[in-house]
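Student: quick one, fold the following:
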Amino acid sequence: MTTFRHPNRWRLAASLVAVAAGLAACGGGSHSGFSFFPSAGSPPPATTPEAQPEKGPVRKWGYITLPDGNKMRYSLLLPSATGSFPLLVEYDGYSSGSAPNVGQPWLAEGYAVMGLNVPGTGCSTGEDQVFDASTGAAGAFALEWAGKQPWSNGKIGMIGYSYSGYNQLWVAAHRPKGLLAITPSKNVTDPYRDVGYPGGIKNIGFPAQWWGGFPATWNKAADIAAKLDGDTECAKTVADNIAKIKRPDLDLTKWLENPYADGLYVKRSAFYETAKIDIPALGTQSWQDEQIGPRSGYYEDTMAPEKMWLISANGDHHTNVTSDYIDSALKRFLAHFVKGEDNGFEKEPHVRLLQEMQKIDQKAITGAPKLKPTGVAEFDRLPVKVTPMRLWMQPGGMLADAKPTQVSDSSTYRYPVKSPVVNNPAAEGWQAVADSEKDGQLTFTTAALPEDLSFYGEGSADLWINATAADTDLQLTVSEVRPDGQEMFVQRGWLRASKRALDGARSSVLRPFGDFTKATEAPLDAAQPNPVRVEIQKFAHVFRAGSSIRVTVDTPSQTGFWIFGNNTTASTNKVWHDATHPSSIVLGHIPYAHAKELPSCDKTIRQPCRKVVGAVPAGVGPRAPT
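Tutor: Now for the predicted structure:
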C-alpha cells in the first residue's frame, strides 16, 4: 500500500478518472457528450505545502481479502493524514477501486471516501455476478473491515447512483455493522421488467451497449492503478476478468436471451431483499432516465416508510450531480444519519417532487448544465396517496371522462411502422411522425382542460385489442398538447400482447404487474377483442388549463438508449372503444402547488416538444376527479 499527497498527482487522478468514466453512448464514441457511466468530478487539490503533509488530502490503496480468498481492490481518500473520519463508500463495477468517482467531492464535507470494486470487476478478483446477493455479501464484508481501520470512526454511509446505487441495496440487506445510511439512487431492482424486457419486449439497445463498455473501463482502471500506485498486478486481473465475462453464465448478453422473468432475473432482483434493510435510505429517481428508466422495481414500496426518503424529478440519469437541490439534500441526509449532526433532516418531508427541471446557465462538475426545478411538491411519506383518474377512448380520436356509449366501435392502425424516436442523447428531441407512417398510429386527445390537472406515479392503459397477427407489440405515449402549438413529451409504456397475463397479487388499478412467464404466454384471440393492460412508466406532470391530454398508440420506438426488439410480423391492429369494450387510461391524480406558466420546451430536460399535428376536440375537457 502507498500514500501520496502531491498536488500534481491529484490532477492526474482527476484526469484519469474522467477518462475511465467517459465511455460514451452507442459503442463508446464521445460525439454525443453523454456516457453510460457517472461522470467524474475533480478532487480537491492539496492546499498546504508538502512540509505539512498531515494537513492535506491523502490517498491510500490496497486489497481486502474476502473469506473465499478473492481480493477486492479499494482506493481511499482522506481529508488529512491524521485522525479518524466518518466514511462514505462508493461500490461499483467500474473503476472506483482504482480511484473514487462521484465520491471525490465529499472530502470537502469532512468524510473519508473509499472506492471499492465488485469482485470480478476492474482490479478485484473473483467472478462478476453483475448484481446479486454475493455482491452484497462481499460489500458488507468490506464495510465491516473498513469500520475497524484507524482512519475510520466506525460510522459508514454509502453513496452513488446507477451501478453504485443498486449495490447499496444488496449490501444494506446484509446489515453490516457500522453502516448507518444509504443513498440508493437511479436503481434497477427488477432487471427483467425495469430495463431488460420493458413490457416483455427485449431491450436490444442499452443493456448490451452497457455491458460492452466494461473491457475499456477496466483497462482504464488498470492504467489508473499503475500510474497512481505502481500496481502492475491489476492489469493481469483485468485481463482475467475480461476473459471470464465471456463465459455464458457470466455474460449478461447471454442471460438476457431468456425472454421470460425467471431464472437469473429472480436471483438478481433486489426487490426480494430490500425489505430486510433497516437503516435510513434516501433515493433519487428520474422519470425520463435514458439509461435505466424510472421504474426501479418499486423497491421503495418494500422499505419501512419512516426510514425511506425519495426525491424524484423529470430528467436524465445524472441529476444527482447536476441538481444543487438533490446535492444539498444528500449532504443534509448523510450529515444527520452518518455524522450525527442535529440538523433536523429526520423531520423533513419523506417525498419530494422536483417539477420541470430546467437547464440553467451554470455548469456542474461534469461540465453539463446545472438543473433547477420550477417548483417542489412535498408529501409526508410513501406511498403517495393519489386518486385514480380514468379517461376513456372515444370515436373520432377523443379522450373523455365518460364511458363510450356506442354499441360497436373501433379504430385500426398499421403495424409495424417506424415510430418517432424521443430523448436519444445523440440526437436530442422528439421526432415528428413521417407522412408515410401516419396510418401506423392512433391518437386520442381530450378537449381543452378547464383547470390544471397534476399527476404522480405509474399509470395503466387498459385496452381491448384485436390483431390480424397472433402477436403484436404496443407502445403507448402520454403527451401534453399545449395552446402554444407545441406537444410536450410526458411518458411511455410498452407491452408484447402475448405476454399480457398479470400477476394478480401485485397488480392494482394503477399498476399492471406483468407475469411474463412462459406458462402464461398466449397468442391473441382473433375471434374477439382481447383485454390487455400496458404499464405506463412512473411520471409526474402538470397539464395546464387550456392544454389537452393526448394518448398515442403505435409501434415501440427508441426511447433514450432503449431500442426495442419488436415483433416483425405485419398486422392490422384494432383498438376497441365501445360500451362493451371500453378502452381507457388511468393516471394517479393528486393536487400539488406548481408554477403557473407552461414550462419551457427548450430548457425542460428530457421532455422535448414538437409541433402539434391534429385538431383538439371541441368542448370542455375533463376536470379533476372528486
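Student: next, Ala137: phi, psi?
Tutor: Backbone torsions for Ala137, taken as degrees, to the nearest 10, come to phi -60, psi -40.
Student: mind checking the SS state of the closest residue to it other than its chain neighbours?
Tutor: For Ala137, the nearest residue in space outside its immediate sequence neighbours is His174; the separation is 5.9 Å by C-beta to C-beta, 6 or more residues apart in numbering. For every residue, glycine as well, the C-beta is placed using N, CA and C. The assignment at His174 comes out as coil when based on DSSP: H, G, I helix; E, B strand; the rest coil.
Student: just checking, His174 touches Ala138?
Tutor: No. With contacts counted by C-beta atoms under 8 Å, His174 stays clear of Ala138, the gap being 9.5 Å.
Student: between the two, which one's more packed in?
Tutor: Applying other C-beta atoms under 10 Å to His174 and Ala138 shows that Ala138 carries more neighbours, namely 29 against 19.
Student: after the host helix or strand of that one, which helix or strand is next? Please name it.
Tutor: Here Ala138 is covered by helix 133-147, with elements defined by DSSP states H and E. Where DSSP H and E defines the elements, the next helix or strand beyond helix 133-147 is strand 152-158.
Student: show me what that next one is packed up against.
Tutor: In this structure, strand 152-158 packs against strand 85-92, helix 133-147, helix 163-172, strand 179-182, with contacts taken as 3 or more C-beta pairs under 8 Å, 6 or more residues apart in numbering; DSSP states H and E.
Student: and the angle from it to helix 133-147?
Tutor: Here strand 152-158 runs at 150 degrees with respect to helix 133-147, directions being taken by axes from the mean of the first three to the mean of the last three C-alpha atoms, to 10 degrees.
Student: rewinding a little: got the contact list for the helix holding Ala138?
Tutor: Counting by C-beta atoms under 8 Å, 6 or more residues apart in numbering, the neighbours of helix 133-147 from elsewhere in the structure are 64, 66-67, 70, 72, 74, 87, 89, 91, 114, 116, 118-119, 126, 129, 152, 154, 156, 167, 169-179, 267, 273.
Student: mind listing what the nearest residue to Ile563 once chain neighbours are set aside touches?
Tutor: Distances taken as C-beta to C-beta, 6+ apart put Gly205 closest to Ile563, at 3.2 Å, once the chain neighbours are dropped. Applying C-beta under 8 Å, 6+ apart, we find Gly205 in contact with 558, 561-564.
Student: and if we set it to 10 Å?
Tutor: 25-26, 195, 291, 424, 558-565 (C-beta atoms under 10 Å, 6 or more residues apart in numbering).
Student: and the strands in the stretch 451-600 of the chain?
Tutor: 453-467, 473-481, 486-496, 530-543, 548-554, 571-576, 584-589 (DSSP state E, counting those that start in this stretch).
Student: could you point out which of these sits nearest Asn258?
Tutor: Nearest to Asn258 among the strands of the stretch 451-600 of the chain is strand 486-496; the distance by C-beta to C-beta comes to 14.4 Å.
Student: can you list the helices and strands that the closest one packs against?
Tutor: Contact partners of strand 486-496 among helices and strands, from 3 or more C-beta pairs under 10 Å, 6 or more residues apart in numbering; DSSP states H and E: strand 422-424, strand 427-430, strand 453-467, strand 473-481, strand 530-543, strand 548-554, strand 584-589, strand 609-611.
Student: would you map the helices across the stretch 251-400 of the chain?
Tutor: In the stretch 251-400 of the chain, the helices defined using DSSP state H, counting those that start in this stretch lie at 252-255, 264-267, 319-322, 324-334.
Student: give me the contacts around the second one.
Tutor: The one in question is helix 264-267. 129-134, 190-193, 196-197, 249, 252, 254-256, 258, 272, 516.
Student: please list only the buried members of these.
Tutor: Taking 16 or more other C-beta atoms under 10 Å as the criterion, what is buried in the contacts of helix 264-267 is 129-131, 133-134, 190-193, 196-197, 252, 255-256, 258, 272, 516.
Student: which SS class is Lys60?
Tutor: Three-state secondary structure (criterion: three-state DSSP) places Lys60 in strand.
Student: my guess is it meets Ala99, correct?
Tutor: No. In terms of C-beta atoms under 10 Å, Lys60 does not count as a neighbour of Ala99; the distance is 11.7 Å.
Student: so what sits against both of these two?
Tutor: 75, 77, 229.
Student: run the angle between the helix holding Ala138 and helix 163-172 for me.
Tutor: 80 degrees.
Student: so for helix 133-147, mean pLDDT?
Tutor: Averaging pLDDT along helix 133-147 gives 98.
Student: so where is the stretch 351-500 of the chain shaky, pLDDT-wise?
Tutor: With pLDDT under 70 as the threshold, the stretch 351-500 of the chain has no low-confidence stretch at all.
Student: actually the chain, sorry about that
Tutor: By pLDDT under 70, the weakly predicted segments of the chain are 1-55.
Student: repeat the analysis, applying 50 as the threshold.
Tutor: The model of the chain has pLDDT under 50 over residues 1-34, 38-53.
Student: residue contacts, the closest residue to Val478 other than its chain neighbours?
Tutor: Excluding its sequence neighbours, the residue lying closest to Val478 (C-beta to C-beta, 6+ apart) is Val490, at 4.4 Å. For Val490, the residues meeting the contact criterion (C-beta under 10 Å, 6+ apart) are 287-288, 314, 455, 477-480, 536-537, 539-541, 543, 549-550, 587, 607.
Student: restricted to buried residues, select the residues you listed in PyMOL.
Tutor: Buried members of the contacts of Val490, identified by 16+ other C-beta under 10 Å, are gathered into one PyMOL selection as follows:
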select buried, resi 287+288+314+455+477+478+479+480+536+537+539+540+541+543+549+550+587+607
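Student: now for Ala527, how many residues are close by?
Tutor: By other C-beta under 10 Å, 7 other residues sit near Ala527.
Student: check contacts around it.
Tutor: Residues in contact with Ala527, defined by C-beta under 10 Å, 6+ apart, are Asn466.
Student: oh, and call the first residue 19 from now on, that's how I've got it
Tutor: Okay, residue one is now 19; in that scheme the one you just asked about reads as Ala545.
Student: and it, how close does it get to Asp280?
Tutor: Ala545 sits 31 Å away from Asp280, taking C-beta to C-beta, to the nearest Å as the criterion.
Student: before we move on, back to that, generate a ChimeraX selection restricted to the buried entries among the contacts of Gly223.
Tutor: Buried members of the contacts of Gly223, defined by 16+ other C-beta under 10 Å, are picked up in ChimeraX with:
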select :43,44,213,309,442,576,577,578,579,580,581,582
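Student: which among the contacts of helix 151-165 count as buried?
Tutor: Among those, the ones that count as buried by 16+ other C-beta under 10 Å are 82, 84, 88, 90, 92, 105, 107, 109, 132, 134, 136-137, 144, 147, 170, 174, 185, 187-192, 194, 196-197, 291.
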